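Participant: I need the structure of the sequence given here:
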Amino acid sequence: MLENIFHQFDTLNIISKLSICLLLTALGTGLLYLIIFYILRPIFRNFERDIAIVTLNVSAYPALIVFAIFGLKITFGKLVSPDIFAAIEHILTPILIITISYWSVQLFIEVFIYYLKEYTKKTEVMWDDVLLPILSAVVPVIIFLGGGVLVISSFGVDLSGIWVALGGATFVLGFALQDILSNFFSGVVLLIDTPFRFGDILLLEDGSIGMLRRIGIRVTQLYIFSNHCDVYIPNSVLQGQKLTNLSRPTSLYYNSIEIEIPSEGNLEDSKKLMQEIVLAHPDTLGDMDAKLEVIDRYYNAEGSDAALVEQQEVGKSRLMAEQEVNLKLEEIEQALESLVVTVQFAEKGGLTQDERENVQQEYLAILELFGFQVIEATEDSRAVVNFEEYNEEGLIELIRQWYRIWLRDPNLLDDDQYFISEEWEQKINLLKRRSQRLYQKISNPQADETRLDDYVLDIIKWIKEKLKVPRKKWQEPQIRMIGMNHDDSSVYLELQIGFFVDDIKLEDGKRGDRVRSQIYQEIFNNLRNTYLNWNGIKPIGEEESEDNGNAVDASINQSPVSSFVQTGLDPTTAKQGFAFYLSVGRNKPGVKSPKTLKG
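Facilitator: Numbers count the residues shown, from 1 in each chain. You can find the predicted model right below:
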């Protein structure tokens, strides 16, 4: 039958053959249109992820054009003379090249880059955050340039002369655009050996502190906290600077205050008071139990600013919530370490089915501590494992309760709300992904059955280093004597108060300045009600009360520093009053220039 059809087709004249072939091409294009828009599109819309429908939408019309052009080329190639076909091909080929170039760019931007950005939000590596902006800017240009060269070649233009001219022009442009090229390749170097990622806080050589917003082809964008503005630094300049990443390895950072007290003072009691004041601040680090023990004693004097009182109330709730998180983390880490022992014992000689089930059951109990419930389902005839959050007493919900209390801090700025929420939700998603991968390894170890303990150890390490760094002993407030000073009338002891503040990104990088100021003010408030005399320290007004026979205010008599200072100063100096315990003496500065160091 087919032979008869072909035989009858061969007997037709050229016009009839062209008409039939063009009709077949049109019918094929129409059929492809129906398949794309009326069959594939409804199916793809039912998929959970939209990558299929987006790819289809981007590809629909370019695919139709490419199909039609190939149909026309086959038709004219078989039925017309070579001269006519060459003329037609000079028209069809450029259209085909332009269509494929446009199609490639759209697929790259709308599908590849878009979903790569979604993926990078769930990863911890830094290079992908830098790579994507460069790729999204460079690759489309390369594709269009390549397409343009092919279009010119399709018209039979000899490009050898153009390549020679282009080589000479490139040599000249290399000198003219050396700064631009230097910035471009510096951006590439920053990509390969990236020392930071978006959102990191950088200390520049000129002392400016800013947040990294974007690394471009030519410049890097930083938000400078002190001026509340964006600055654009050429990549070559940035690469040549000595940069300090204040966000790495953690967002904690160290502050210190240097003060002076009279040598007659009770040094140990003074240090104890200052340490308690630092611990009582909710935004400093220290032993959680010690902080909760002293947090109600300070920063809440009568007449205190309402925001300061709210800060302490919210801070106390936040510390208690964080303590619950820490206890749950300790329980999880102990359970994971126990799982490592179980796996190491079971791995000897290979896992039997019973051993595999025992390991799986033990890991399911750990997932319950995380707050995950494993839901096994079947999609497209294949088994799928989903993790759902269900346990209100699990780690995930405890973390959310903690950071939501943190969001009520009256000192936070609008952007801080976003930073805190995004950071912890990203960590929760990463924890979920890592837990799923480990569950898959345990459920179906195959060739990895001798490495299951390594995978469990990896998640323990990640929890300790990336999810939430446990508080360390070296983060405790430190009060040190670092020297002595004197003037004509007295000798002074130089002390340094060192403490860590919880997150450098918050409050436009000025969180440490506020905490330092509040600590300094609280020390002043706890000492200003006393003054020095020959016999030692007395509450303000006691001398007058002795003369007038009036009783002394009970709250003043209960000053926490009532025995801090025993002095030999003359009465005249003593009666000048203990205006500020930290700065007694003529022209003696109470606080020197603060130092901020990365912890």
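
Participant: Identify the residue nearest Leu431 in space, chain neighbours excluded?
Facilitator: The shortest distance from Leu431 to any non-neighbouring residue, by CB to CB, 6 or more residues apart in numbering, is to Leu467 (6.2 Å). The way it works is simple: take the backbone N, C-alpha and C, and place the C-beta from them, glycine included.

Participant: give me the number of residues near the one you found?
Facilitator: Leu467 has 18 neighbours, counted by other CB atoms under 10 Å.

Participant: Please report how far it lies from Glu423.
Facilitator: Distance from Leu467 to Glu423, counting by CB to CB, to the nearest Å: 11 Å.

Participant: For Ile428, see how far away the residue nearest to Leu431 is.
Facilitator: Separation of Leu467 from Ile428 (CB to CB) stands at 9 Å.

Participant: now Leu145
Facilitator: Computed as CB to CB, the Leu145 to Ile428 distance reads 43 Å.

Participant: And these two? Which one has more around it.
Facilitator: Just comparing Leu145 and Ile428: by other CB under 10 Å the higher neighbour count belongs to Ile428, 20 against 11.

Participant: my read: that one touches Ile399, true?
Facilitator: Yes. Ile428 sits in contact with Ile399 when judged by CB atoms under 8 Å, with a separation of 6.6 Å.

Participant: ok, Lys427 - contacts?
Facilitator: Ile399, Lys466, Leu467, Lys468 (CB atoms under 8 Å, 6 or more residues apart in numbering).

Participant: And the buried ones among the residues you listed, selectable in ChimeraX?
Facilitator: Selection of the buried residues among those in ChimeraX, burial being defined by 16 or more other CB atoms under 10 Å:
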select :399,467,468
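
Participant: Format the contacts of Lys427 as JSON lines; extra columns: pLDDT and distance to Leu327.
Facilitator: What follows is the contacts of Lys427, written out as JSON lines (pLDDT from 0 to 100; distance: CB to CB, whole Å):
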{"residue": "Ile399", "pLDDT": "95", "distance to Leu327": "13"}
{"residue": "Lys466", "pLDDT": "84", "distance to Leu327": "19"}
{"residue": "Leu467", "pLDDT": "89", "distance to Leu327": "15"}
{"residue": "Lys468", "pLDDT": "90", "distance to Leu327": "12"}
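
Participant: those helices in the stretch 401-550 of the chain, which residues are they?
Facilitator: Here the stretch 401-550 of the chain has its helices, by DSSP state H, counting those that start in this stretch, at 414-443, 452-462, 511-527, 542-548.

Participant: do you know which of those lies nearest Tyr254?
Facilitator: The closest of those to Tyr254 is helix 511-527. By CB to CB, the value is 8.7 Å.

Participant: Run a quick neighbour tally on Ala307.
Facilitator: 10.

Participant: Gln221 now?
Facilitator: Counted with other CB under 10 Å, residues neighbouring Gln221 total 16.

Participant: Next secondary structure after the one helix or strand it maps to?
Facilitator: Under the criterion of DSSP states H and E, Gln221 resides in strand 219-224. Per DSSP H and E, the first helix or strand lying C-terminal to strand 219-224 is strand 229-234.

Participant: mind listing what's buried in the helix or strand following that next one?
Facilitator: Note on strand 229-234: by DSSP H and E, the next helix or strand toward the C-terminus is helix 235-239. Buried residues in helix 235-239, defined by neighbour count with 16+ other CB under 10 Å: Asn235, Ser236, Leu238, Gln239.

Participant: which other helices and strands contact whichever helix or strand comes after helix 235-239?
Facilitator: Sequence order places strand 244-245 as the next helix or strand after helix 235-239, per DSSP H and E. If you count contacts as 3 or more CB pairs under 8 Å, 6 or more residues apart in numbering; DSSP states H and E, strand 244-245 packs onto strand 201-203.

Participant: tell me the mean pLDDT for the helix or strand just after the strand it packs on?
Facilitator: Downstream of strand 201-203, the first helix or strand assigned by DSSP H and E is strand 209-215. Confidence over strand 209-215 (mean pLDDT, whole number) is 81.

Participant: re earlier: rank the helices of the stretch 401-550 of the chain by pLDDT, which is bottom?
Facilitator: Mean pLDDT is lowest for helix 542-548 out of these, coming in at a mean of 44.

Participant: hmm, back to that, return the member of the contacts of Lys427 nearest to Asp289.
Facilitator: Using CB to CB, Lys468 comes nearest to Asp289 of those, at 17.7 Å.

Participant: Now the closest one. Its backbone dihedrals?
Facilitator: phi -150, psi 110 (degrees, to the nearest 10).

Participant: and the nearest residue to it once chain neighbours are set aside, how far is that from Asp502?
Facilitator: Closest residue to Lys468 apart from its sequence neighbours, by CB to CB, 6+ apart: Leu329 at 6.3 Å. Spatial separation of Leu329 from Asp502 under the definition CB to CB is 17 Å.

Participant: residues in contact with Glu324?
Facilitator: By CB under 8 Å, 6+ apart, Glu324 lies in contact with Leu398, Gln401, Trp402.

Participant: so the second one touches Ala321, yeah?
Facilitator: Just to be clear, that refers to Gln401. Yes. If you go by CB under 8 Å, Gln401 and Ala321 touch, sitting 5.4 Å apart.

Participant: What angle do helix 452-462 and the longest helix seen in the chain make with each other?
Facilitator: Longest helix of the chain, by residue count under DSSP state H: helix 306-347. Counting by axes from the mean of the first three to the mean of the last three CA atoms, to 10 degrees, helix 306-347 lies at 170 degrees to helix 452-462.
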